[in-house]
Structure formats: structure tokens, C-alpha cells
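Peer 1: mind looking at a prediction? Sequence and model below.
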Amino acid sequence: MLLQQVSDSVIPPLPNDRTTGIGCVGAGFIMADCQLVAYRQHGLNPVAITSRTRAAASAVAMRHNIAAVVDSIEQVVAHPEVEILDVAVPPDCQAEVIRRAVRAPHRLRAILAQKPLGINYREALELVKLCEDAGIVLAVNQNMRFDQSVRACQHLIESHTLGSPVLATIDMRAIPHWMPWQERQGWVTLRIMSIHHLDTFRYWLGEPERVFASVAPDPRTSQKFRHDDGIALYILEFPGGVRASAWDDVWSGPAREGSASDIGIRWRVEGTQGLARGTIGWPAYPLRAPSTLDYSTVRDGGTWHSPRWDSVWFPDAFIGPMAELLCALEQNRAPTIGARDNLNTMALVDACYLSAAEHRAVSPQEIVASAA
């Protein structure tokens, strides 16, 4: 019975009404190869798209059967069917997209924005207030929460199957495909990769009291552009003595330079009554490598339970954030990925940067107070 519940817990509920019109801003990899693929698989209704170039928007529209290709954000939100705006643009462009959408005449009920929400906590807070004042629900596409192993582990924690959590770890040894826009940001791993893990720790364990972070440049990426946070190591302290840590290593050894590679993402959660461990299949993309989960409890006599799934994070899990937002609108409740809650993830990311710069533990509340 429990094994079936764990297996079922990875399936996100879908809205009853899937005809709600979605307007898309952006035609890059995340929109074209992840979000729209997942939306079409589940019968959602993207109706309009714009991008930096009309040619890019037209190509994605043709691929995913989107009827309207337009030349501006304002034209997307003015489309008579658009009620949801899906924003997938670089972080330093995101705030202006949302500002323009809110200022324009619209019928918007909600906006789903890619993570990170802007470039830092202060900008994210501005966007949250802007949308609240306009009566628009703002949600953040923290899609790792909808990876099957992450979601299943959360079920094990919430159901107390593992007892009380003691220690959670994530070990990422992967070489991302960095986007050209990252060169102008001046930062790499903490806001782009680690933000997934920091948000996952919050999803599993609640709000940390403080974080200690240490960063170093990635030798490979340093040859392309200057940055400080290629390799990011951090320790989180939670109330009650619970601890979490992650090693986010985007160097991963000279695998691209000729050595053998050892690429992968492994996670582990230890509780007073059980242990869960898993892998994240994303580094194998575009190969379909499903994430995995194994767990055992003191009641199992040394037995491992190993549910398995066919779905993968990229692109299958990308139905989760949009489906959650649509379900929340139907049920007249706040989405679990709401931007007001996501401010705590943004504060935690900024706390990591401050901790690394000043070589000390930092409370996320210090970031919140500085923006007040």
C-alpha cells in the first residue's frame, strides 16, 4: 500500500479545465523543448507567443501548433484568449517583461515566471508586490519540485515514513550547457543550478535558520567568462538540529578535456526511522534517464523499496508548475509555487552569495531585513 502511494505521489493533479489560454514569452530551450512539450502532452492550451525575434517565435509556434505569433509582450497579453502568461526569458530580462505585462491592458489572472524570479531578492520582492497590487497571481517555475524522485521523497517525509529528518544531502557532479546570456550576469551556479537544490531543501525540510556557503570558479567556464560561483558548497542549519548540505560541482573533473567522466546527481535523506536515496536523471539529457528512488525503514527488516517511473525531469516534470497554478486558480487557493513563498528561496540564494563573500554563516532573514 505504501509503495503504491509513493508511486502515485509523483503524478501532479491536472486542472479540470484545460482550455485556459496560455500566452508565451520566450522561444528558447526551456519554452520550446520542455514547457510546451509537456503542455501539449497533457492537453493544455498555449494560444499566443512572442520572442526577441519573430523568426524564433514562428519556428516554435509551428512546432507546437500555436495559432498566434505576435511582436510584443503587450500583444500577447491583449490576445482575447490569454489568461495565463508564461515567462521564460533570461533573469535580467524577466522583471521588465512582467512590468510591461502588468501595465498593459489585459485579462491576466496569473503569471508563471521562470526561476530565478529576477536577479536577486530585492527585485523579486518588487515583482511580488507589483502583481499583488494588480490582482495577478504570480508563481515561479521551480520545476525540480516536480521531478519524480524529489516529489516522492517529499511524500515519505510528509507521511513520517522516515521518522523525523536528521540529514539531507545533494551531490551534483554535472556539466551544464551554459546559455550565452549568463556571461553578462557575472554569476553561474548558485542562481542557476543551486537554486533548484536550495528550493528542494525548503520543500523537504522547511525554512533554514542560516547557511554557510563557499564558492570557487569552474576552470572550464572561467576560460569563457569571469565568474566566482562555478563550484558551490553549502551547509544549511534548520530548527531542531536538522542539517542539509550540497556539493554543486559543474567542473566535475576534466571529462570534456579527455579523462573518464563520473557525471550524475545523487541525493540522500536520513531520518530517525528510515533512509531514502535517489538519483536525478537530468545530466543524461537528451537521453531519457528517469530519476530513481530507493527507501528503507526500521520496520522493513533491511529491505529496500525501489519504485521506478518512465517519466523524466526534462521535459515531463514541466507539466507540474503550470498544472499546479491552474489547479490553484480553479480551487481559489494560493499555488504551492507562489512567488510570495518563493521569496524565501530567493533570500536563501542571496544569503549564500553573502556568506561566500564574507566567509560567515548568514540567515536568510538578514537578506529580507536589508530589503525592507
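Peer 2: Sure, I can see it.
Peer 1: hey, let's count contacts and neighbours off CA atoms from now on
Peer 2: Fine.
Peer 1: quick one: furthest residue from the center of the chain?
Peer 2: residue 301 (35.9 Å; CA atoms, centre = their mean).
Peer 1: and that residue, that one's in a strand?
Peer 2: No. Read with DSSP: H, G, I helix; E, B strand; the rest coil, residue 301 is coil and lies in no strand.
Peer 1: residue contacts, it?
Peer 2: Residue 301 makes contact with no residue under the criterion CA atoms under 8 Å, 6 or more residues apart in numbering.
Peer 1: repeat that for residue 194.
Peer 2: 232, 248.
Peer 1: equivalent analysis for residue 109, please.
Peer 2: Contacts were defined as CA under 8 Å, 6+ apart; by that measure residue 109 touches 83-84, 135-137.
Peer 1: residues of the lowest-mean-pLDDT helix or strand in the chain that come out buried?
Peer 2: Taking mean pLDDT, DSSP states H and E as the measure, the chain has helix 2-8 as its least confident helix or strand, at a mean of 70. Residues of helix 2-8 classed as buried: 6-7 (neighbour count, 16 or more other CA atoms under 10 Å).
Peer 1: the helix or strand just after that helix: partners in the sheet, and parallel or antiparallel?
Peer 2: Once the chain leaves helix 2-8, the next helix or strand it forms, by DSSP states H and E, is strand 21-25. Strands flanking strand 21-25 in the sheet, each with its direction: strand 45-50 (parallel), strand 82-87 (parallel) (DSSP bridges).
Peer 1: distance between strand 21-25 and the chain's centre?
Peer 2: Averaged C-alpha coordinates place strand 21-25 at 19 Å from its chain's average position (CA atoms, centre = their mean, to the nearest Å).
Peer 1: same thing with stretch 4-12?
Peer 2: Its chain's C-alpha centre and that of stretch 4-12 lie 20 Å apart, by CA atoms, centre = their mean.
Peer 1: and the contacts of that stretch?
Peer 2: Counting by CA under 8 Å, 6+ apart, stretch 4-12 makes contact with 146-149, 151-152, 155-156, 307-309, 319-320, 323-324, all of which sit outside it.
Peer 1: please pick the buried ones from these.
Peer 2: The neighbour-count test (16+ other CA under 10 Å) marks 146-149, 151-152, 155-156, 307, 319-320, 323-324 as buried among the contacts of stretch 4-12.
Peer 1: could you check the pLDDT of the residue positioned nearest the centre of the chain?
Peer 2: In the chain, the centroid-proximal residue (CA atoms, centre = their mean) is residue 142; its distance is 2.6 Å. The predicted structure scores residue 142 at 97 on the pLDDT scale.
Peer 1: wait, it sits on residue 193?
Peer 2: No. Contact status for residue 142 versus residue 193: not in contact, 11.1 Å apart, counting by CA atoms under 8 Å.
Peer 1: quick revisit: can you list which of the buried ones among the contacts of stretch 4-12 are found in helices?
Peer 2: 148-149, 151-152, 155-156, 319-320, 323-324 (DSSP state H).
Peer 1: this structure: strands as residue ranges?
Peer 2: Taking DSSP state E as the criterion, the chain contains strands spanning 21-25, 45-50, 68-69, 82-87, 110-114, 137-141, 165-173, 210-216, 231-237, 243-249, 264-271, 274-280, 292-297.
Peer 1: can you put the ones you listed in JSON lines and add distance to residue 12?
Peer 2: As requested, these are arranged in JSON lines below (distance: least, CA to CA, whole Å):
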{"stretch": "strand 21-25", "distance to residue 12": "19"}
{"stretch": "strand 45-50", "distance to residue 12": "18"}
{"stretch": "strand 68-69", "distance to residue 12": "29"}
{"stretch": "strand 82-87", "distance to residue 12": "19"}
{"stretch": "strand 110-114", "distance to residue 12": "17"}
{"stretch": "strand 137-141", "distance to residue 12": "14"}
{"stretch": "strand 165-173", "distance to residue 12": "23"}
{"stretch": "strand 210-216", "distance to residue 12": "31"}
{"stretch": "strand 231-237", "distance to residue 12": "28"}
{"stretch": "strand 243-249", "distance to residue 12": "26"}
{"stretch": "strand 264-271", "distance to residue 12": "21"}
{"stretch": "strand 274-280", "distance to residue 12": "18"}
{"stretch": "strand 292-297", "distance to residue 12": "17"}
